[in-house]
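Enquirer: one predicted model, sequence on top.
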Amino acid sequence: MGTLLVRNADVLVTMDGSRREIAGGGLFARDGVIEAVGPEDALPEAADEVLDARGQLLLPGLVNCHHHLDQTLTRNLPAAQNTNLFPWLLVHYRIWAAKTPDELRNAVMLGCAELALSGCTTVFDQTYIFQNGCRLDDEIDGARQAGLRFVASRGSMSLGQSQGGLPPDECCESESFILEDSDRLISRYHDPNHGAMMQIVLAPCSPFSVTDTLMRESAALARRRGVRLHTHLCETIEEERFTLGRFGLRPVAYMETLDWVGDDVWYAHAIHVDDEEIGLFARRGVGVCHCPSSNMRLASGIAPVRQYRDRGVKVGLGVDGSASNDGNHMLGEARQAMLLARLRMGLRPPEGPVTDFLPSDPRRAAEWMTAREALEIATLGGAAVLGRSDIGSLEPGKRADFFTVDLSDVAYAGALSDPVAAALFSSPTRARHTVVDGRFVVRDGAMTTMDLPLVIEAHNRAARRLASVAS
């Protein structure tokens, strides 16, 4: 692969242990691994490839911890624009089941492109409907063509409506096949090594779409094979009512009975939790993925991100959807996380006279979600949730995953007294460059790994076909 030298960034944000921000900074990488980070005089003078990042902000690559890339095919469907989760899912299940392998592969390429153009370098994806000939292999093929670091999950649904679950029976699979295919995929694709570009996770979909047997057996298989576990949890009040009615337990307590509370597990959403459950997550090392745009779009609620961080719970960020978000902009999602945390703080009733407990009071200063905290959640936080020590920051020994934004963009005009915070407070922009493992995936604002207009054309053609299934 050779060497890469990046120099002259207006500011380089390391996210290292000291959270250094280096004016005029740069980095040097060899074969996708960072060897040096610092100002110009701390770097080699030459490399096989040199990028002058003058006028740009350089940031660690963003880590997306929860997504459904196939759902880019069903963005903005009229029948699902104004509903919450359960009716929203019932609109979509059969449509998602009708996608073809080629449509799945193309949707993954399109979603990865949109993510890369927003500074995302690592993508976790959960696909859980495999009908009409689709396999996780099709998704993996699309991600490899896109060039992003990819964590693919063998999602699953086995609890159909005839058994009291939410999804139609025809959208579910047999549990024996799910487990057999999960084992096959781990053997074929999972790379446990430093710098892995492809990993596998087991991800039964949700308490209302899989059985307790499948949850337990998936956990046992994952631990036998050394892979992580993921599911949706505590996303809505309706889910809580489901587990209380079916098992007599809140969702987190139900997970405990299934051996699904541990440091190899992370949950998507984790909105409706109490103080005791937050403490359990902290003690047991459970991670959570915050999905602010999806939670707002479906009116699911506001996750207690401030409380999670204060208690030491691992928190990452996910775009989710793309049909429950309709966008794949990771930098924009970090901005939403910052703003939504502030809204939650503002909704907390004052504990004394209003004049004594305004949000601007210094005694509440620690409650504010800052721009740098939101960036940390989107980088280091995501790496921790995925169990990765090789990404999330720019420092020697880490992989060369990073992106830059052009500070001369109109969105940043007037905001450059603090360029780092401007990336969050100003309107989200496209990445100027995105590099994954030392390779350019986006160069000068354009994808290098695919003919994006052709991908978009094929994607829109498939979306039109699937929309006709809904009508």
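Expert: Yes, it's here.
Enquirer: test my guess that residue 191 contacts residue 197.
Expert: Yes. Here residue 191 reaches residue 197: they are 7.0 Å apart, a contact under CB atoms under 8 Å. Where you see a C-beta, it was placed from the backbone N, CA and C, and this is true even at glycine.
Enquirer: between these two, who's got more neighbours?
Expert: The residue with more neighbours, out of residue 191 and residue 197, is residue 197; 18 against 11, by other CB atoms under 10 Å.
Enquirer: how about stretch 253-264: buried residues?
Expert: Residues 253-255, 258, 260-261, 264 are the ones in stretch 253-264 that count as buried (16 or more other CB atoms under 10 Å).
Enquirer: which of these lies closest to residue 39?
Expert: residue 264 (39.2 Å; CB to CB).
Enquirer: ok, the closest one - contacts?
Expert: 222-223, 228-229, 387 (CB atoms under 8 Å, 6 or more residues apart in numbering).
Enquirer: widest-spaced pair of the residues you listed?
Expert: 223 and 387 (13.1 Å).
Enquirer: follow-up on the earlier one: give me the buried subset of the contacts of residue 264.
Expert: Among these, those classed as buried by 16+ other CB under 10 Å are 222, 228-229, 387.
Enquirer: nearest to residue 342 among these?
Expert: The nearest member of the buried ones among the contacts of residue 264 to residue 342, counting by CB to CB, is residue 387 at 29.4 Å.
Enquirer: give the helix, strand or coil label for the closest one.
Expert: For residue 387, the assignment made with DSSP: H, G, I helix; E, B strand; the rest coil gives coil.
Enquirer: and the residue lying closest to it once chain neighbours are set aside, how far is that from residue 5?
Expert: If the residues on either side of it in the chain are set aside, residue 387 comes closest to residue 228, at 5.8 Å by CB to CB, 6 or more residues apart in numbering. In this view, residue 228 and residue 5 are 34 Å apart by CB to CB, to the nearest Å.
Enquirer: before we move on, what about residue 192?
Expert: 30 Å.
Enquirer: mind checking which of the two has more residues around it?
Expert: Neighbour count, other CB under 10 Å: between residue 192 and residue 5, residue 5 has more, with 19 against 12.
Enquirer: residues contacting that one?
Expert: So residue 5 contacts 26-28, 43-44, 46-47, 49-51 (CB under 8 Å, 6+ apart).
Enquirer: for the residues you listed, which one is nearest residue 289?
Expert: Distances from residue 289 to those, taken by CB to CB, are shortest for residue 27, at 27.8 Å.
Enquirer: I'd say the closest one and residue 33 touch.
Expert: No. In this structure, residue 27 is not within contact of residue 33 by CB under 8 Å, at 10.8 Å.
Enquirer: residues shared between the contacts of these two?
Expert: residue 400.
Enquirer: so for the two, which residue has more residues nearby?
Expert: Set residue 27 next to residue 33 and count neighbours by other CB under 10 Å: residue 27 wins out with 29 against 17.
Enquirer: element containing the more buried one?
Expert: Assessed by DSSP states H and E, residue 27 sits inside strand 21-30.
Enquirer: quick one: strands adjacent to that strand?
Expert: Taking DSSP bridges as the criterion, strand 21-30 forms sheet pairs with strand 3-13 (antiparallel), strand 33-39 (antiparallel).
Enquirer: can I get those in JSON lines including mean pLDDT?
Expert: Listed next are the strands paired with strand 21-30 as JSON lines, based on pLDDT from 0 to 100:
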{"stretch": "strand 3-13", "mean pLDDT": "98"}
{"stretch": "strand 33-39", "mean pLDDT": "98"}
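Enquirer: neighbouring contacts of the helix or strand where residue 178 lies?
Expert: Counting by DSSP H and E, the element that carries residue 178 is helix 175-189. With CB under 8 Å, 6+ apart as the test, helix 175-189 has contacts from 135-137, 140, 152, 154, 156, 158, 198-200, 202, 211, 213-214, 217-218, 221, 225, 227.
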